[in-house]
Each structure stands twice: as structure tokens, then as C-alpha cells.
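Trainee: Sequence and predicted structure below; questions after.
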Amino acid sequence: MLRNQIYYRLKPLIPGRVRRAMRQYMARGVRRRTTNIWPIYPGSERAPEGWLGWPGGKRFSVVLTHDVERQNGLDSCRSLMQLEHEMGFKSSFNFVPEGSYRIPVELRQELASKGFEVGVHDLKHNGRLFHSHTAFRKNAAQINHYLRDWNASGFRSGFMLHNLNWLHELNICYDMSTFDTDPFEPQPEGYHTIFPFWVNRSPSWNGVASSNGAMSGYVELPYTLPQDSTLFLLLREKTPEIWLRKLDWIASHGGMVLVNIHPDYVDFNGKSSKRGRYPVAMVRELLTYLSGRYSGEFWNPSAAELAGWYKDWYSSTQRQENTTKNELPKSLARRALKGKRAAVVLFSHYPADPRPRRAAEALVGDGVTVDVICLQADASESRREIVNGVNVRRIALNRRRSGKLRYAWQYSAFIAISFWHLTLRSLARRYDLVHVHNMPDVLVYSALIPKLLGSKIVLDLHDPMPELMQVIFELSPDSATIRMLKRMERASIAFADSVITVSRTFKDLFSSRSCSPDKVSVVLNSPDEGIFKFRQPEVRLRGVDDFSTPYRILYHGSLLQRNGFDLAVNALQLTLPAVPCARLVVCGASTPFFETVMSSLAPRGLVDNVDYLGPRDLEQIVQAIESCDVGIIPNHRNVFTELNTPTRIFECLALGKPIIAPHARGVLDYFGDRDLVYFQLGNAEDLAEKIRFTFSCPAEVKEIVRLGQEVYRRHTWSREKGELLDVFAKRSSRAGAAGGGRL
């Protein structure tokens, strides 16, 4: 900020032609250095937590704004307003209250009468608004006067300088002083989102308590298309191609197209050769492209209308969270992750294992370079590969479920190989973060050398090994093996800098015997909304005696004994007398247990009622869920399934399908008694009864799905991903950025 203070004090002394030449020269270098973050910043397409889309089902939104800086800009306002009005658009005009011109009351009235909006642009537009907090408070009182006098609710500072905390001094509904990415600005740190976001004010902001302690603040609307002055004056582009390309990208991700077009710089008279102007054809081409290619697909509100809508949406979905903190969206605090290096280690297959895949791609989306070390599934799978920006190195080591000695040998070999790879890579170029997924817990020690070199280690505990091994090998909880696994768990957690797990139940378990609760963060295995796209409840209505079409019951997941495929078959047999059209659809990789159960179908007359689809990737799982009538999670009762929170619950709810889930602690930690259809763990008769219920009572089941979806929407992957990345961001320092001044 000191650099900016000096620049804006000296600016009046520097001839405009010299300033432009200097900025154009500097801009060429900035453009070369920032091709990877401008005009598109990777990761800024992430939607807000709980996002369900724009009003009326529109694909994206378009907000047109105009900052009027000088008299010639004021003189061009009517021409720009007429152009937009004729093409069916509306926009917001922002005027400088105490600048070099005076705003006729008649112009503000004319704009309002035609559906356009008036906002406040800075106070004097001299670059000195944020020089000190004391001076800002005095200026804020004047700005608030103009806001009242003009009946305005929005603000934008000059030169996009901003301090979002100080802006709470203004009586505004929204601010537009930021951007997703713009390295050419004097304050170049972008907020890396193409969506609006809420800037919260605590109930006791600045030591003055609000009257009711309610949440207050304002909506921030970052501009997401480059400013016209940047494109056509600074970079001297001859076409609006960058605008159109960025627009297409925003539209494809359902974001907000917000552009700042200055009437000062638009030539309406065919004299664009004049210095500091560009032809109005550029603006007309942008609007024509919008109204032609995307006709009927976008929402074009005024800035105030969009801010009001977003505030209502935000307060209804997120108001109860973080109401006592003055904090920006969590994704904004994670800018420090950009440019970091992370290693991911998992004794599993990538990208087939969904949790490591989602986590790694989330890091890449925040600008992190990610190297994954994992198992090779078979000889046909490449040993080295780049998958969605993630660098994958696979180790040729067979993974087979067998006895305890086999497990121990496989784990030991993989730990040794991973240790060697991480050591060599860390010596060449240090990792900032190492993300280790269990099992086993002691895999975290493969990161010993990176830790000694300063890397931060995050241990991701998918499952509690003592409980899982107790079930797999039918061990006593007091056996020597289980006691040893608990000691290994404690040691592994102590070695890690942070711990992540998949549910509140598991967090309580780990913190009760291995560490403080503060060390463990919960990141649910929520499905990726980009794959499991949210749908309203979908329950097929049919007569009670309508058996003309199959009633499809979906089992998808690991075909292991504890997960109850045999129990599902038993329940199917009990269901058929009442629902003869019932069919069990099965997805998953075959196992010896599965083959044993399948061999029992023929003697029981069930061959024609079971469809085995084989292994399915996530996209194919979506298709299977969409084609089913109800999903089931037929777990047997054991110490592990009592604690587990199955991801399949959220997958079915995301797609609007009913799910019959076990009545177990790991589920009840999140869902109430009316939020799901429950059955008693390990009880085939109860499971069959609940299948019959879902068949015969579709209206009741649809309401249960609706209630379950309310829980799901509080735990979407966009929310959980934020929690995950925050764990990493706490271990990273904020990075600065450099840029130039404004004309």
C-alpha cells in the first residue's frame, strides 16, 4: 500500500502520456509472467458452499457496470444507456460524488426510470481513500450521505483499491472493488472466485454492538471479465476475443459474468484513433454475442438485484455458520496454497479411490503441484501419468487381501518404496505438504525425511485400523494385535502435524485414545457435485399391485462379508412374495465371498432376480443410481459398521433417490430419525420390511428423501472440500503478488 500512496501523490505531476507509456511497458512483462493465472485463474470456478444455481434455473448471470470517471464519461452515459436499452440489457452506472464533474439529478432520474441503477464510485477518485483508517472514517460519512441522497446501495472504490473490513463503515448492500484475477491492478491480489461472496461483520464490529446481535455485512461482487481499460488501452487489444473466451468459460461453470465498462473510454463517434478511446463496436460485439449465443440462458439483474438475491440465499443456507467471526469465504483464505508442492501417498489405486482423488484435485484447483505415489492396479495401467493435473507415480506391488502376515509384508514393502521416492524427491525440491492416507496408519512414517526438511504432514484416517482388523480377522478387542494397532495409531497421529478423518464418530474415537480433539478435523466423504449433480426427490409413483415393471434395489460398494451382500440376498428373497417385480442390482469388484453368495442363487430360485453389473467408476455409479428405485446399505452388525458413515447415503440423496441405511451411531451422528429409511443392522427381515415400505408408500418416502437432502446439502463436497483445504492452508503462509498502477 505504501507504493500506491506514493504513486497517487505523484500522479498529478506526471503527464498522462508518460503514465500510459510506463504502464503499457510494465504490462507487457506482467502479461508474460501471469499467463497461468490471467485471464482465467484455475480453481476460481468453484461454486459457493451449498450452491444450487441462479434464479429461474438460468445457466449463469450477467452484471454490466459502468464507472464514470470524468466529464467526457458523463457526457457518454446516455449513449451507452441507449445502446444497452435497445439490446435488452440493464446495467449499473457508478458516479464519483466529489470528482471533476457534477451529476445532474435529471440523469440519475432518467437512468432509474429505464430500469438502470445508480451507485457511488469512490468519493474523489484520487487514489487516497484508504491511506489511513481515520481519514477513511471521515470520508465514509460523506459517502454514506451520497448513498442516501442517491437512494443507492452499492459502492466501488477508485482504482479497485480496497480494504473489505473498512467497508463495513459504509451503509451498503454490496461492493464491487475486487476481482477474480487481475495482475495489472495496483492492488493485484485477486479473490479467485467467479461467484459473489458474503463479507461478514461480527455483532460487535469495531466495538459497537448491533441492536439484535444478528449477522450483518455486505455482498462482494468481483468483476470477472477484464476491465475495458485493461484490454483496449493498457494491452491494446484490437478485438474483444479475450472477453468472449472468458465469458464462455464462466458460462460453462455457471458463474457470474461481471464487467466494468467505462463510458469515458468508449468512442461513440467513430474517432477511436484518439488516444485513450476504443470503438463502441467492442461493447456492441460483447452484447450481441451474449444475446445471440446464450439467448434465454442467463440472468441479467442490476448489481443491487443480484446482491439482494444472494444475501437472501446466503442467509437461508449459511447464516448459522461463522456468525461471530469477521471472515471472508474460506476459499479466499487459501490463496497461500498457490505455488506450493504436495505429495500424496496411498496404499490404493489412483484415480479409482475417490477420496484421495477428490483431495488431490482440490489441491490442484488451488494452485498446488501434486505428486501421487500409489499402487499399480495391473500391468496395463501406466506407471507414470498425469490425471486431471495430478502427477501420478504407480508402484508395481500386488495388493491382495489375505492373512495378517500378508498384510504386514505388503504394507512394509510399500512403506519402504514410498520412503525412498519421497526422500529422493524432497532432496531435489522440498515438499511443502505431504498428505498420507491410511491404511496403514504407519504409512505416515514414509514422510520422515520430508518432515525433517520442513514439510508439514497430514494423516488422513479413512478407517480406524484396530476396529477394522478386529472385524476382518475376528479378533478380540483385548488381543495383542489390537493393542499393538492402537499403539501404532497413537504414534502415527503424534508424528503427523494434522489429522483428518471422515466422520464425527471417528474423530471422537481417535481423540478419546490417541490425541487432543483439536488435532483432528472432519472431512466427510461427500460425493463430488460435478459428478453427482443434485436432483430433487425422485420416487416413482405406481399402484400397490402394479408389478408390470421391475422394482430395482441397488447395492453398490465393496463386496465384502461385513458389508452384507448375503444379507441383501436374504432380504430380496423375503421381499419377493409381496413385491414379485423386485430385482437386486449389484455394482462392485468380485470377491471370493461374493462368488460364494452368487453360487447360492440358483438353488434358491433367485438367478433371474439379481443383476450383477461388475465394477463401476463414479460416472457409471451415477447411471446405476439414476436407474434404481431404492438403494440399500445392508451392513452386518459389528464394531466397525456401528461406527461407519457410508458415503453411499449421500450419493443416493444427491441424486434424489431413497436409501435404506443402517440404524447405527455413525449414521445417527448426522441424520435424524425422520431423515432416512432405517433398518436394524444385520436384520434381513427388517431390511425386507423397509424395502416393501419404499415400494408401497412412495409419497411418504419422497418426504423422507427431501428431509435427508437437507442434511446432505449441509455436507456437500464443496463445503467439505473447503474444510480439507483449510487444514492445508493453516500450514502455509500467505503469498504476496506484484503489479502495476492504474491509468
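Mentor: Alright, I've got the coordinates.

Trainee: Alpha carbons only: can I get the strand or helix carrying residue 74 in PDB?
Mentor: Element membership for residue 74 (DSSP states H and E) is helix 71-75. Output of helix 71-75 as PDB, limited to C-alpha atoms (Å, rounded to 0.1, in the frame of the first residue of the first chain):
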ATOM      1  CA  GLN A  71     -16.900  14.800 -17.700                       C
ATOM      2  CA  ASN A  72     -16.500  13.100 -21.000                       C
ATOM      3  CA  GLY A  73     -17.700   9.900 -19.400                       C
ATOM      4  CA  LEU A  74     -20.700  11.700 -18.000                       C
ATOM      5  CA  ASP A  75     -21.400  13.000 -21.500                       C
END
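
Trainee: in which helix or strand would I find residue 27?
Mentor: Assessed by DSSP H and E, residue 27 sits inside helix 16-33.

Trainee: For that helix, what is the distance to the chain centroid?
Mentor: Distance of helix 16-33 from its chain centroid, counting by CA atoms, centre = their mean, to the nearest Å, is 35 Å.

Trainee: Past it, which element shows up next along the chain?
Mentor: Assigned by DSSP H and E, the successor of helix 16-33 is strand 60-68.

Trainee: the inter-axis angle of the helix or strand that comes right after the helix holding residue 74 versus strand 60-68?
Mentor: Helices and strands here follow DSSP H and E; after helix 71-75, the next one along the chain is helix 77-86. With axes from the mean of the first three to the mean of the last three CA atoms, to 10 degrees defining the directions, helix 77-86 sits at 170 degrees from strand 60-68.

Trainee: Kindly spell out which helices and strands sit in contact with helix 77-86.
Mentor: strand 60-68, strand 91-95, helix 105-113, helix 281-293 (3 or more CB pairs under 8 Å, 6 or more residues apart in numbering; DSSP states H and E). Heads up, the C-betas are built off the backbone N, CA and C, glycines and all.

Trainee: okay, these in JSON lines with distance to residue 240 and mean neighbour count next?
Mentor: Output for the helices and strands packed on helix 77-86, formatted as JSON lines (distance: least, CB to CB, whole Å; neighbours: other CB atoms under 10 Å):
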{"stretch": "strand 60-68", "distance to residue 240": "14", "mean neighbour count": "25"}
{"stretch": "strand 91-95", "distance to residue 240": "17", "mean neighbour count": "25"}
{"stretch": "helix 105-113", "distance to residue 240": "25", "mean neighbour count": "13"}
{"stretch": "helix 281-293", "distance to residue 240": "5", "mean neighbour count": "16"}
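
Trainee: So what's the model's average confidence on the helix holding residue 27?
Mentor: When pLDDT is averaged over helix 16-33, the result is 75.

Trainee: go on, stretch 561-571?
Mentor: 95.

Trainee: starting at the chain centroid, how far to it?
Mentor: Relative to its parent chain, stretch 561-571 has a centroid offset of 35 Å by CA atoms, centre = their mean.

Trainee: Then stretch 104-121?
Mentor: Relative to the chain's own centre, stretch 104-121 is displaced by 37 Å; criterion: CA atoms, centre = their mean.

Trainee: do stretch 404-420 as well
Mentor: With CA atoms, centre = their mean, you get 35 Å for stretch 404-420.

Trainee: next one: stretch 512-528
Mentor: Distance, centroid of stretch 512-528 to centroid of chain: 19 Å (CA atoms, centre = their mean).
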